[in-house]
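Asker: Prediction below, plus the sequence it came from.
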Amino acid sequence: QMHRWALPGVSGEVWVKRDDCTGCELSGNKIRKLEFLLADALQKQCDSVITVGGIQSNHCRATAAAARRCGLEPHIILRTGQPEEDPGLVGNLMIDRLVGAHIHLVSEADFAAKGGWALVCELRAELEARGGKPYAFPSGGSNSLGTWGYLNRALIEIGQ
């Protein structure tokens, strides 16, 4: 959604793109990267996606919701101080659970020792061993393909 702003002392027009108006489960700008990542997963005929983040990760929530919309099983690895306890339905976890995300809790210590990407790769190997075809990407969807989402958005803005 675009909003026109009149700012004191500024000649001309200022337009602000409101990514926060895209829907709560898709979380604004997060969908930019996911558009490209999930398209790649579908093109490669994957059956699930895996990513990682903090216990209340907006990226993981957006990934879970978008993956479900695309027919992919979402697996999210969530870092927490209490991995042995059920974190309940607070905040983003409610949406994660509503869309049926497979939630894998990991301790802060394990995350620090192994790193997020290593944990994603471990889960990918487990799912592959069970006959799955997972598509994995790092926290935030921050890789070379995900970056195209922002470049594409810039081209759209230039065209508006």
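Answerer: Nice, thanks for sending it over. Numbering: from 1, shown residues only.

Asker: Could you report the separation of G115 from A66?
Answerer: As judged by C-beta to C-beta, to the nearest Å, G115 and A66 stand 24 Å apart. In short, each C-beta sits where N, CA and C put it, glycine included.

Asker: Looking at these two, which is more packed in?
Answerer: A66 (22 against 14; other C-beta atoms under 10 Å).

Asker: any idea how far the more buried one is from L7?
Answerer: With distances taken as C-beta to C-beta, A66 is found 34 Å from L7.

Asker: just A112 next, same as before
Answerer: 44 Å.

Asker: do the same with K133
Answerer: In terms of C-beta to C-beta, K133 sits 50 Å off from L7.

Asker: for E128, same thing?
Answerer: Taking C-beta to C-beta, one finds E128 at 53 Å from L7.

Asker: neighbours of F111, just the number please.
Answerer: The number of residues packed near F111 is 19, by other C-beta under 10 Å.

Asker: before we move on, what about P83?
Answerer: Each residue near P83 was counted by other C-beta under 10 Å, and the total is 17.

Asker: so it touches V106, yeah?
Answerer: Yes: counting by C-beta atoms under 8 Å, P83 touches V106, with 5.9 Å between them.

Asker: which residues are common contacts for the two?
Answerer: Common neighbours of P83 and V106 are not found (criterion: C-beta atoms under 8 Å, 6 or more residues apart in numbering).

Asker: Can you show me the helices along the chain?
Answerer: Under the criterion DSSP state H, the chain carries helices at the ranges 30-43, 58-69, 92-98, 108-114, 116-129, 144-159.
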